[in-house]
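Peer 1: only the shape, not the letters, is given here:
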């Protein structure tokens, strides 16, 4: 039997159930990755392309060179290799579901879990096919049996009639994370033996390096979320594992409601502002609110953003400026190395009050958030150098220096008054 293992968001050899099963069951195994132009047009931001390319080089090395790389429609490319069966990891987006359905119409498909901790179709509530509230989902998620992790298979050799295809040389910005399973496992080991112990106490601290930064490796499947969850639990990392449950929660939501990539889960009748100047100021980190600007500049520089800063910057766009959450989601996806659709779009809808948040009209005060989570101003100083010399007493409220003081610093005044923005938002929402 000839098996094609179609890699998508599972670019690893450790705990890859589809790869492990194919290695056990097939006489010939063709590991395959297909660059899909349709995905690259809509979601192929340069940073993710670079991370993906580095990950593919690493995967090919881990497979002893036995990775075929092609361009085109993944279904046609996979079928052209003459498989008796296609092995793949089940995924949740509309594109992934269409791809799997098309393959099933033409060949034996063997789908396996691999992109989430628990399978993407479980758990389900009584009388429904997905959860829309996290707490009951989390309870059920904790009760799900977890499969055992799969060992990496022995080195595979491509059948002699299959060419590997070329991979361009890697050209990565050194400010961005290195792609691939090798780098991901190194980062995972460092996190588990270091930062995890203080995660529950410090995870919201913007001035501390207290989060894992593993999201790109999880998004591209360079790390097994199951293996990470098991290892973290073994070290008492329950709070961190809860965040992995949130990741699974958004995945099951997108699987059941793929239209929520672009459509409101809970429409509120919002008439969003057309505010290109406000959107530009927000994107460039020039809103006059130091924490918001620091977050957007961190995103621009590093392709990553601390979760607390993601919440505050997103809230500012949709509730202070009342700009459509889809504009913000696209801006994030243009810059993020991870750019996970389920997480990014789900979190944007949560902040906008059109998703799963049970308090849809909550508004984050960027100044109070800064005082609470960056009390010394270290985070702002790191990313907003115009304010680096200000003391902690004024760094989060530089407008207290007056117009002349702001001009001397080269920093803009606030583009909107917080209290007035909140009033307008709540009036628009009818609250």
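Peer 2: Alright, I've got the coordinates. Worth saying up front: this structure is predicted, and the values here are computed from it rather than measured.
Peer 1: use CA for all of it now, contacts and neighbours both
Peer 2: Will do.
Peer 1: wait, a helix at residue 138?
Peer 2: Yes. Residue 138 forms part of a helix when assessed by DSSP: H, G, I helix; E, B strand; the rest coil.
Peer 1: contacting residues around it?
Peer 2: By Cα atoms under 8 Å, 6 or more residues apart in numbering, residue 138 lies in contact with 242, 245-246, 249.
Peer 1: which SS class is residue 361?
Peer 2: Using three-state DSSP, the structure places residue 361 in coil.
Peer 1: how about it: what's its closest non-neighbour residue?
Peer 2: Nearest non-adjacent residue to residue 361, counting by Cα to Cα, 6 or more residues apart in numbering: residue 353, 6.1 Å away.
Peer 1: would you confirm that the one you found contacts residue 359?
Peer 2: Yes. If you go by Cα atoms under 8 Å, residue 353 and residue 359 touch, sitting 7.2 Å apart.
Peer 1: these two: who's more crowded?
Peer 2: Each of residue 353 and residue 359 has its neighbours counted (other Cα atoms under 10 Å); residue 353 has more, 25 against 10.
Peer 1: now the strands for this structure?
Peer 2: Assigned by DSSP state E, the chain shows strands spanning 2-7, 28-35, 68-71, 85-89, 108-112.
Peer 1: who's in contact with residue 117?
Peer 2: For residue 117, the contact set (Cα under 8 Å, 6+ apart) comprises 146, 224-226, 229, 244-245, 248.
Peer 1: run the last query once more with 7 Å
Peer 2: 225-226, 248 (Cα atoms under 7 Å, 6 or more residues apart in numbering).
Peer 1: go through stretch 202-215 and flag the buried ones.
Peer 2: Neighbour counts using 16 or more other Cα atoms under 10 Å place 202-207, 210-215 of stretch 202-215 among the buried residues.
Peer 1: export the residues you listed as CSV, with columns for pLDDT and distance to residue 1.
Peer 2: Formatted as CSV, the buried residues of stretch 202-215 follow (pLDDT from 0 to 100; distance: Cα to Cα, whole Å):
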residue, pLDDT, distance to residue 1
202, 95, 52
203, 95, 49
204, 96, 51
205, 96, 53
206, 97, 53
207, 92, 55
210, 92, 48
211, 95, 45
212, 97, 41
213, 97, 40
214, 98, 37
215, 97, 36
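Peer 1: is it possible to get a markdown table of those that adds distance to residue 181?
Peer 2: Formatted as a markdown table, the buried residues of stretch 202-215 follow (distance: Cα to Cα, whole Å):
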| residue | distance to residue 181 |
| --- | --- |
| 202 | 27 |
| 203 | 25 |
| 204 | 27 |
| 205 | 28 |
| 206 | 27 |
| 207 | 28 |
| 210 | 22 |
| 211 | 19 |
| 212 | 15 |
| 213 | 14 |
| 214 | 11 |
| 215 | 13 |
